[in-house]
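Novice: Take this sequence and fold it.
(one chain, ligands or ions: 1)
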Amino acid sequence: MNGARVSSRGAMPIADRCPGILRLHPAADGMLARVRIPGGRLNPAGAAALADLAALGNGIVEFTARASVQLRGLPAGAAERAEAILAPAGLLPSPTHERVRNIIASPLAGRHEAAHAETDPVVAALDAGLCADPALAELSGRFLFCVDDGSGTLGSVRADVSLVARDDGGFELHLGGRATGRVARAPETAAGLALRAAHAEQPCSPRVAASAPREILGTVRQRDGRLAASALVRLGRLDRATLAALGTLAGRHGTELRLSPRRTVTLVDLAPGDAAGVLAELRALELVTDPASGFAGLSACAGTGACERALADVRAAALARAPARAPGGLPEHFAGCERRCGLPAGAVLSHVATGSGYATERLP
Ligand code: SF4
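Specialist: Predicted structure coming up:
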């Protein structure tokens with residue numbers, strides 16, 4: 001498990017201090033709220049609610065490496081307002097479990113031509129089962145579930161418990177990145193495998209596959225002939241107006257936003273005649289749709305102004321680095337201190353601020 005500790009009554013991790021909606025984190029730029037988005041599925045009402053909540057703060061919205069959404073610069077005591085704004089949009093179905101709904105999924109959720117199975121029903125069953133189990137409210141806020149459609153579009157992840165679709169349509173349970181041979185086909189049964197594993201398994205150090213993810217930026221043809229349009233949020237950060245505009249765009253096309261750990265946003269089920277217009281609108285919102293962009297695979301932590309530990313303006317350094325990056329190069333991450341928050345899984349070129357420059361090394 002990712003940093004989880006073990007309780008005296010067995011393998012169940014003790015809850016940690018990860019922020020959520022009801023427990024905000026004090027940062028250098030004010031209080032920070034982290035909103036879990038199971039499966040990365042964010043509907044237009046949810047996007048509008050998040051944009052409304054961001055207006056109480058400094059307007060900065062962050063997409064995290066776990067496909068959650070962070071809102072920054074909120075005032076002290078904003079948790080009550082956050083609950084009032086987000087709950088009606090369905091973003092707080094369980095106050096007791098809000099910080100443990102860490103479920104990532106493939107961005108096209110089974111629609112990609114290389115996918116083996118749909119993931120939405122599994123994510124829904126997993127989320128419902130998680131929230132219905134009082135004991136699992138004690139999971140670490142860092143414990144991560146993953147539902148992978150087998151398409152290779154998800155990229156490297158450090159998941160504690162994964163359900164990975166096989167070419168026979170079943171989902172195989174993986175623990176710490178290792179296949180177990182336990183397979184289920186029905187969504188509820190697969191979710192049950194994952195939930196029992198969360199109860200029973202000992203902590204582990206997740207193994208991360210080194211393979212490069214299958215590209216999704218731009219348009220991708222779905223197995224049903226419709227199209228998906230995907231764009232990258234530069235360094236995982238946008239403003240509230242952009243988030244609101246993305247929600248409006250999805251609503252106009254009768255779809256939703258799908259966030260991924262790669263800080264992408266995808267609109268699925270587009271009519272072939274609509275996809276080019278959607279891509280143009282994504283570009284107009286300053287999102288990246290070109291896989292050859294230097295922003296692809298480039299990330300940075302919050303840095304100065306947002307984190308008191310930061311030794312440098314790492315976001316400015318990353319912005320300056322982007323034009324020099326070659327397409328398809330190793331992912332790169334800039335961090336303001338040795339904690340390396342937001343470091344992507346898998347092979348990465350790590351730049352850590354030292355106070356007088358950057359210490360660069362290839363990991364792992
Ligand atoms: S890596 Fe260091 S400077 Fe960056 S957000 Fe984390 S604690 Fe702050």
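
Novice: only C-alpha atoms for contact and neighbour calcs from this point on.
Specialist: Will do.

Novice: who's the residue in the stretch 151-300 of the chain positioned nearest to the ligand bridged to?
Specialist: Closest to the ligand within the stretch 151-300 of the chain is A300: 7.8 Å, counting by CA to the nearest ligand atom. Taking DSSP bridges, one finds F334 as the beta-bridge partners of A300.

Novice: burial measure for it, as a count.
Specialist: By other CA atoms under 10 Å, the residues close to A300 number 29.

Novice: where's it relative to L343, distance?
Specialist: 8 Å (CA to CA, to the nearest Å).

Novice: shared neighbours of these two, which are they?
Specialist: H333 (CA atoms under 8 Å, 6 or more residues apart in numbering).

Novice: Return the residues in contact with the residue most central in space within the chain.
Specialist: Compute the mean C-alpha point of the chain, and by CA atoms, centre = their mean the closest residue is A67, 1.2 Å away. Listed by CA under 8 Å, 6+ apart, the contact partners of A67 are 36-37, 39-40, 104, 259-263.

Novice: got it, and A137?
Specialist: For A137, the contact set (CA under 8 Å, 6+ apart) comprises 15, 96-97, 100, 130-131.

Novice: secondary structure class for the closest residue in space to V100 that isn't next to it in sequence?
Specialist: The shortest distance from V100 to any non-neighbouring residue, by CA to CA, 6 or more residues apart in numbering, is to G141 (5.0 Å). Going by DSSP: H, G, I helix; E, B strand; the rest coil, the secondary structure assigned to G141 is coil.

Novice: thinking G218 is in contact with A231, fair?
Specialist: Yes. If you go by CA atoms under 8 Å, G218 and A231 touch, sitting 6.4 Å apart.

Novice: Of these two, which one has the most company?
Specialist: Neighbours were counted for G218 and for A231 using other CA under 10 Å; A231 has more, 25 against 21.

Novice: Are we agreed that the more buried one is in a helix?
Specialist: No. Using three-state DSSP, the assignment for A231 is strand, not a helix.

Novice: so who does S260 touch?
Specialist: Here S260 is in contact with 40, 65-67, 104-107, 154 (criterion: CA under 8 Å, 6+ apart).

Novice: so which of those comes closest to the ligand?
Specialist: Among these, and counting by CA to the nearest ligand atom, the member closest to the ligand is A65, at 12.8 Å.

Novice: ok, the closest one - contacts?
Specialist: A65 neighbours (CA under 8 Å, 6+ apart): 260-263, 342, 344.

Novice: likewise A271?
Specialist: A271 is in contact with 226-227, counting by CA under 8 Å, 6+ apart.

Novice: hey, where'd the helices end up in the stretch 151-300 of the chain?
Specialist: Along the stretch 151-300 of the chain, counting by DSSP state H, counting those that start in this stretch, helices occupy 187-200, 240-252, 275-284.

Novice: what does the chain put close to the ligand?
Specialist: Applying CA under 6 Å from any ligand atom, we find that the chain lies next to the ligand at 301-303, 307, 309-310, 335-337, 339-341.

Novice: Now distance to P26 too, for the helices of the stretch 151-300 of the chain, in a markdown table please.
Specialist: Shown next, in a markdown table, are the helices of the stretch 151-300 of the chain (distance: least, CA to CA, whole Å):
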| stretch | distance to P26 |
| --- | --- |
| helix 187-200 | 29 |
| helix 240-252 | 20 |
| helix 275-284 | 32 |
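
Novice: Figure out which of these is closest to L92.
Specialist: Nearest to L92 among the helices of the stretch 151-300 of the chain is helix 240-252 (18.2 Å), distances taken as CA to CA.

Novice: report the angle between the axes of that closest one and helix 275-284?
Specialist: With axes from the mean of the first three to the mean of the last three CA atoms, to 10 degrees applied, the angle from helix 240-252 to helix 275-284 works out at 170 degrees.

Novice: contacts for helix 240-252?
Specialist: 43-48, 50-52, 54-55, 59-61, 256-257, 267, 278, 282, 285.

Novice: so what pLDDT did the residue nearest to the centre of the chain get?
Specialist: Predicted confidence (pLDDT) for A67: 94.

Novice: right, and the pair among the contacts of A65 with maximum separation?
Specialist: So for those, where distance means CA to CA, the most widely separated pair is S260 and G342, at 13.6 Å.

Novice: Out of the contacts of A65, flag the one nearest to A135.
Specialist: Of those, the one sitting nearest to A135 (CA to CA) turns out to be P261, at 26.8 Å.

Novice: Next, count neighbours for the closest residue to L173 other than its chain neighbours.
Specialist: In space, L173 comes closest to L163 once its chain neighbours are excluded; the distance is 4.8 Å by CA to CA, 6+ apart. Other residues near L163 come to 31 when the count uses other CA under 10 Å.

Novice: Likewise for the one 10 residues further on?
Specialist: Counted by other CA under 10 Å, the residues lying close to L173 total 26.

Novice: Would you confirm that D127 contacts R99?
Specialist: No. Between D127 and R99 there is no contact under CA under 8 Å: 11.8 Å.

Novice: In terms of neighbours, single out the busier of the two.
Specialist: Per other CA under 10 Å, whichever of D127 and R99 has more neighbours is R99, with 28 against 22.

Novice: Contact partners for the residue of the stretch 51-200 of the chain found nearest the ligand?
Specialist: Nearest residue of the stretch 51-200 of the chain to the ligand: T64, at 11.8 Å (CA to the nearest ligand atom). Residues in contact with T64 (CA under 8 Å, 6+ apart) are 70, 236, 261, 263, 342.
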